[in-house]
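> coords below, sequence missing:
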């Protein structure tokens, strides 16, 4: 493997974050859609507040870098990444609502419903979720309609009841929100709740690149390993992290008595599991040779991140 | 025009409602998706509660009958209709939430959040919205991927910020939910909030039938007229209707001081406007000759309904 230095990697990540921010800004501009009906400003402002606020843009980065393995034009991958980011941002808005996780802060700023009100937050989430499916079908993403359809259907599956939405429901049930605390399979829950969108980032690149079945499987395996490593790192940060770097209080999981990878495996066990997953992610994409270097660096970044 | 007798029409409407109910039951069965991840039962139960509860299934009926003009296979139209109905049902769940319209009853039964809780209702709505985009992309809807993409994108546009979600935001603003009561253009608001999905039912048939531009325009015009007639009839029912037949209290709009077609046009003016819209709907689809009879009967049914 050629290797990608940490500073090269950081530059690539920043560049994609900047490009994604600019693209989302255009997609959420008041007048961008070719539609005779103007969109209500309050709703657009709310959607912009929650999606134009920086962040690492890890999910679009995974789309861009998985697609780059196949030489897919960057603009196409960025557009698919923006659709995925709309789904991610909607899920944060709805998860933060008083009826759900009741969070006041997100990335060090008031959550959308604190900044506005619950009704606006519900509708802004619905709007971003729907906009994602508008974006992912656009002609500029790929000339082949079948490719765009595959991207669209995979997005619905990863975001839906067998993916992110289903995982969120399992998470609430595990917290005892609907009566007795239900037993939790942490790996399965997180594979759905946070893993499914990260995995989508990777398989979207494979779909865009019209990968062979073996190449698709490699990115699928990589995405699953990265997704689990991401969540374990998150659980470790909740125990070991620093509130300032996180932009939210640490120790929340323990305070709520949540079952996490750390409560199941212990700190050392969780760290070992991250190392195993990193090796699995590395190995999965090794079939791409040198072209896998950035993806391998991305897995290390995810596993070792501090916020 | 051949004409369709009221009893023939009622039978056709019932048949499509029954077929839609059965199809949604299969689409929302616990094991129907080819997915290794089972879906959480609580979420599926909530989605079934809110979508398998009868109703006239007017939107799927419009898809089926618009598609029938072009000889589209009924099964394909029903599937597109089921996707549209998922969007409609999600919107009712979210609109009923305490943070939105705070409704306890829907079709004479407790609303989903009263039956369960707000978190489950938010997630069930998100799940139905996402499932709609899974369904609308399916191969069985049309062999041509471009047709399925057009259906998908139009659904996102009609349901999104320039359509239903945007209309709901304008409606809340008009109620004074975000400070001063904002001035309301009732026709524009309702064209977005309720009209966009009804219109989708009609243009979906045109897309499925690979209509010529003139045929598409005819169904688009018909759908817009029918959508406005639907809403004026709704406003008239709120003033004149019977709570038992409506399944909810009447007089709610007046009690809230809402601007409606009736407050803008008066009762007689509103009735005249419905007659004008009926004539416009009839005329729009007259290019289809005898094949337009059921659509013309549907417009009359919408304008004259009692609940």
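Okay, I see it. Bear in mind the structure is a predicted one, so any value in this text is a computation, not a measurement.
> only C-alpha atoms for contact and neighbour calcs from this point on.
Noted.
> Can you name the next helix or strand after the lowest-mean-pLDDT helix or strand in chain A?
Within chain A, confidence by mean pLDDT, DSSP states H and E is lowest for helix A:243-246 among all helices and strands, at a mean of 62. For helix A:243-246, the following helix or strand on the C-terminal side (DSSP states H and E) is helix A:252-256.
> so what does that following helix touch, helix or strand wise?
helix A:213-240 (3 or more CA pairs under 8 Å, 6 or more residues apart in numbering or on different chains; DSSP states H and E).
> tell me what the helix it packs on is packed against?
Checking 3+ CA pairs under 8 Å, 6+ apart, helix A:213-240 ends up next to helix A:186-190, helix A:196-208, helix A:252-256, helix A:261-284, helix A:293-304.
> residues in contact with the third one?
Taking contacts as CA atoms under 8 Å, 6 or more residues apart in numbering or on different chains, the residues outside helix A:252-256 that touch it are A:175, A:235, A:238-239, A:259-260.
> can you check the longest one too?
Under the contact criterion CA under 8 Å, 6+ apart, helix A:261-284 has outside partners A:186-187, A:218-219, A:221-223, A:225-226, A:228-229, A:232-233, A:235-236, A:296, A:299-300, A:303.
> out of the residues you listed, which are buried?
Neighbour counting over the contacts of helix A:261-284 (16 or more other CA atoms under 10 Å in any protein chain shown) leaves A:186, A:218-219, A:221-223, A:225-226, A:228-229, A:232-233, A:235-236, A:296, A:299-300, A:303 as the buried ones.
> ok, whichever residue of the stretch 201-307 of chain A sits closest to chain B - contacts?
The stretch 201-307 of chain A approaches chain B most closely through residue A:224 (13.4 Å), counting by CA to the nearest CA. By CA under 8 Å, 6+ apart, the contact set of residue A:224 is A:191, A:195-196, A:198-199.
> With residue A:296 instead?
The contact partners of residue A:296, by CA under 8 Å, 6+ apart, come to A:281-282, A:285.
> pLDDT below threshold where in the stretch 1-150 of chain A?
A:1-3, A:31-38 (pLDDT under 70).
> how about the residues of it near chain B?
A:35, A:37-40, A:42-43, A:94, A:99-100, A:118-120, A:122-123, A:126-127, A:129-131, A:133-134, A:137-138, A:145-146, A:148-149 (CA under 8 Å from any CA of the partner chain).
> Please flag which of these sit within helices.
Taking DSSP state H as the definition of helices, these contribute A:42-43, A:94, A:118-120, A:122-123, A:126-127, A:129-131, A:133-134, A:145-146, A:148-149.
> just to revisit the earlier point, next, format the helices and strands packed on helix A:213-240 as JSON lines and append mean pLDDT.
Converted to JSON lines, the helices and strands packed on helix A:213-240 look like this (pLDDT from 0 to 100):
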{"stretch": "helix A:186-190", "mean pLDDT": "91"}
{"stretch": "helix A:196-208", "mean pLDDT": "98"}
{"stretch": "helix A:252-256", "mean pLDDT": "75"}
{"stretch": "helix A:261-284", "mean pLDDT": "95"}
{"stretch": "helix A:293-304", "mean pLDDT": "96"}
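> ranking the ones you listed by burial, who's on top?
helix A:196-208 (a mean of 27; mean count of other CA atoms under 10 Å in any protein chain shown).
> For it, what is the distance to the chain centroid?
Here the centre of helix A:196-208 is set off from its chain's centre by 10 Å, with CA atoms, centre = their mean, to the nearest Å.
> what's that helix packed up against?
Counting by 3+ CA pairs under 8 Å, 6+ apart, helix A:196-208 packs on helix A:58-68, helix A:74-96, helix A:145-159, helix A:213-240.
> Please work out which of those is packed deepest.
Stretch with highest mean neighbour count among the helices and strands packed on helix A:196-208: helix A:58-68 (a mean of 26; mean count of other CA under 10 Å).
> Pull the number of nearby residues for the nearest residue to residue A:93 once chain neighbours are set aside.
Nearest residue to residue A:93, sequence neighbours excluded (CA to CA, 6 or more residues apart in numbering or on different chains): residue A:125, at 6.0 Å. A count of nearby residues for residue A:125, using other CA atoms under 10 Å in any protein chain shown, gives 29.
> Let me see the contact set for residue A:125.
For residue A:125, the contacting residues are A:47, A:89-91, A:93-94, by CA under 8 Å, 6+ apart.
> related to what we said a few turns ago, can you say which of the helices and strands packed on helix A:196-208 is nearest to residue B:210?
Closest approach to residue B:210 among those (CA to CA): helix A:145-159, 16.0 Å.
> could you point out which element follows that closest one?
helix A:164-174.
> average pLDDT for that following helix?
Across helix A:164-174, pLDDT averages out at 94.
> Give the other helices and strands that it contacts.
Under the contact rule (3+ CA pairs under 8 Å, 6+ apart), helix A:164-174 is packed against helix A:186-190, helix B:41-51, helix B:118-136.
> and of the ones you listed, who's closest to residue A:109?
Short answer: helix B:118-136, nearest of these by CA to CA, at 22.9 Å.
> so that closest one versus helix A:74-96, what angle?
In terms of direction (axes from the mean of the first three to the mean of the last three CA atoms, to 10 degrees), helix B:118-136 departs from helix A:74-96 by 150 degrees.
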